[in-house]
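[1] Next input, structure requested:
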Amino acid sequence: MYKALMFDLDGTILHTISDITIALNTALKTCGYNFSYNDEETTKLIGMGAHTIIARVFKNQEHTKKDFDLLYAEFQRNYQKFQGMYATPFEGITELLKQLKKENKLLFVVSNKPDHLAKIIVEHYFPTTFDLIYGHQEHLPEKPNPYLIDLIVNKYQLNKEEVLFIGDSDVDYLTAKNGQVPFCLVMWGYGDYQKEFVKDSQFIAYNDHQLKDIIYK
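    Modelled structure (predicted):
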């Protein structure tokens, strides 16, 4: 049984893709671009923070650094504006987190979402649930770097075998692998589940009941 649980945010505990899509499309329109994305297409852009989203938007398009910086800044503004507009907790997650909190498990969010936005939305949907909420801060490493895993492990004097990292993507898988902690892949999120990391994941949960069984294994 695990003492501490580290959760990814987008695609793991919260269904947020529509918020990201509307923020991106609004930014594109404001910056004068004549294309947009649907939710399915947006899932292919995410995984390593806002900077990577914009880099993937421009991957096959000619652009200048000014173009990039303008769209990035506009996306960040809209991301904050639209955050939480359509977001909902995934099925069973709220109840599971409440049970874990009641049993005094250490609960953490480890996300590549900008840190201040991660704190706002997590506290909105899961108030007083998590011991610490970490998003990405400029000039600090982001997932799949294990920086946040090591920070939490050292702060709470944990043994790594006492920690379970839970996420929905190859970025989360690599974060846990790099941090040398057990990993559970949830299959309801935004990961590319055709990739090799699915086979290599230590645990796989297709629903909240399976996740609970893995946590209490």
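[2] Check which element follows the helix ranked longest in the chain along the chain.
    For the chain, the helix that runs over the most residues, judged by DSSP state H, is helix 65-82. As assigned by DSSP states H and E, the chain's next helix or strand after helix 65-82 is strand 88-89.
[3] can you map out the helices along the chain?
    Using DSSP H, the helices of the chain run over residues 17-30, 39-43, 50-57, 65-82, 93-102, 115-125, 147-155, 170-179, 197-200, 208-215.
[4] Minimum distance to residue 138: which of those has it?
    Closest approach to residue 138 among these (CB to CB): helix 115-125, 8.9 Å. Any C-beta I mention is one placed from the backbone N, CA and C, and that applies to glycine too.
[5] I figured residue 92 hits residue 208, correct?
    Yes: between residue 92 and residue 208 there is a contact at 2.8 Å, judged by CB atoms under 8 Å.
[6] Of these two, give the one with the bigger neighbour count.
    Higher neighbour count among residue 92 and residue 208: residue 208, with 17 against 14, using other CB atoms under 10 Å.
[7] Residue 131 versus the more buried one, what's the distance?
    In this structure, residue 208 and residue 131 are 21 Å apart, going by CB to CB, to the nearest Å.
[8] go on, residue 146?
    Taking CB to CB, one finds residue 146 at 18 Å from residue 131.
[9] neighbour count winner among the two?
    Neighbours around residue 146 and residue 131, counted as other CB under 10 Å, are more numerous at residue 146. The numbers are 20 against 15.
[10] ok now do the closest residue to the more buried one other than its chain neighbours, which residues does it touch?
    Excluding the flanking residues, the one nearest residue 146 by CB to CB, 6 or more residues apart in numbering is residue 179, at 3.3 Å. Listed by CB atoms under 8 Å, 6 or more residues apart in numbering, the contact set of residue 179 reads 146, 149, 150, 153, 160, 165.
[11] Please apply the same query to residue 74.
    Residues near residue 74 by CB under 8 Å, 6+ apart: 26, 27, 30, 31.
[12] Residue 145 now?
    175, 178.
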